[in-house]
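J.: I'd like to go over a predicted model; first the sequence, then the structure.
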Amino acid sequence: MVSKKYVEEEIVEDVFEEDEKWPKKDKVLDDIEGEKMVRRLLNIVVRPGDSLFFFAQTFGVSVHEILAVNPGITNPDLIFPGQIVRIPARPLVGPDPGFARAQYLVRPGDSLFLIAQMFGLTVNLLIQENPQIADPNLIFPGQVINLTVTPPLPPKPPKGTIQIYVSVGETLSSIARRTGVSVQAIIDANPQIKDPNLIFVGQIINVPLS
């Protein structure tokens, strides 16, 4: 299991092409006069039925802006359950979770218990990753919470490569079937995986779509 040691905060400049440390104080720079624009990136794990249009409507950004920070998406009409989609926006419902490499958008009817079951985590792990939540029994639709990330992290994905957050019961074969990518191609894109027959809940896996 990993916590803050393996994550860093990010900003993107201009058309959101470069990652750097997020400054201690949030700021958005107006680029009308040529200044650089800075936005925080959320890393939302896709659930069945999600679309880029849904994320754009939810977070008040355009699909084009989402695509600009997701060079791994080769078809804007096709995203996969478990895929991590970067969103150049701040959470609309507080408290702010800060930066994490995998995050969940709370839906109506969700609880930390149900979210833990969904991914194969425990409530205690979710509480540990979300100290901003004052009452673990009280979360709200539209809130963003951090998910546990298990090391080691994969290499930075090149263009045409997406990242999948591993849920309970998953294998490289199940990820391959879901995304239409061969197991060998996934193995080649993830040199951090020492045993292809052994992956863990909370791991992030690179999947080369092209």
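T.: That came through, no problem.
J.: for this protein, which segments count as strands?
T.: For the chain, the strands defined by DSSP state E occupy 11-12, 39-40, 42-45, 84-87, 103-105, 144-146, 161-165, 204-208.
J.: want to throw those into a markdown table with mean neighbour count?
T.: No exception for glycine: its C-beta is placed from N, CA and C like everyone else's. Below are the strands of the chain laid out as a markdown table (neighbours: other C-beta atoms under 10 Å):
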| stretch | mean neighbour count |
| --- | --- |
| strand 11-12 | 21 |
| strand 39-40 | 20 |
| strand 42-45 | 23 |
| strand 84-87 | 24 |
| strand 103-105 | 24 |
| strand 144-146 | 24 |
| strand 161-165 | 25 |
| strand 204-208 | 23 |
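J.: OK, contacts around the closest residue in space to residue 106 that isn't next to it in sequence?
T.: In space, residue 106 comes closest to residue 143 once its chain neighbours are excluded; the distance is 4.4 Å by C-beta to C-beta, 6 or more residues apart in numbering. By C-beta atoms under 8 Å, 6 or more residues apart in numbering, the contact list for residue 143 reads 91, 93-94, 105-106.
J.: can you check the pLDDT for the residue sitting nearest the centre point of the chain?
T.: Taking C-alpha atoms, centre = their mean, the centroid of the chain lies closest to residue 43, which sits 2.8 Å from it. Here the pLDDT value assigned to residue 43 is 98.
J.: just checking, it touches residue 84?
T.: Yes: Residue 43 lies in contact with residue 84 (C-beta atoms under 8 Å); the separation is 5.1 Å.
J.: which parts of stretch 171-180 are buried?
T.: Going by neighbour count (16 or more other C-beta atoms under 10 Å), the buried part of stretch 171-180 is 172, 175-176, 179.
J.: re earlier: beta-bridge partners for the residue nearest to residue 106, please?
T.: residue 93 (DSSP bridges).
J.: lowest-pLDDT helix or strand in the protein?
T.: Least confident helix or strand of the chain, by mean pLDDT, DSSP states H and E, is strand 11-12 with a mean of 41.
J.: now the nearest residue to residue 160 once chain neighbours are set aside: how far from residue 135?
T.: Counting by C-beta to C-beta, 6+ apart, residue 210 is the residue found nearest to residue 160 once chain neighbours are left out, at 3.5 Å. Counting by C-beta to C-beta, to the nearest Å, the separation of residue 210 from residue 135 is 44 Å.
J.: counting neighbours, go ahead and name the busier of these two.
T.: For residue 210 versus residue 135, the count of surrounding residues by other C-beta atoms under 10 Å is larger for residue 210: 10 against 6.
J.: which residues touch the more buried one?
T.: By C-beta under 8 Å, 6+ apart, the contact set of residue 210 is 74, 159-161.
J.: okay, and for the chain, where does confidence drop off?
T.: Filtered on pLDDT under 70, the chain yields the residue ranges 1-39.
J.: run through the helices of this protein in chain order.
T.: For the chain, helices defined by DSSP state H occupy the ranges 52-59, 63-68, 112-119, 123-129, 172-179, 183-188.
J.: and the ones you listed: which comes nearest residue 203?
T.: Closest to residue 203 of these is helix 172-179 (C-beta to C-beta; 10.4 Å).
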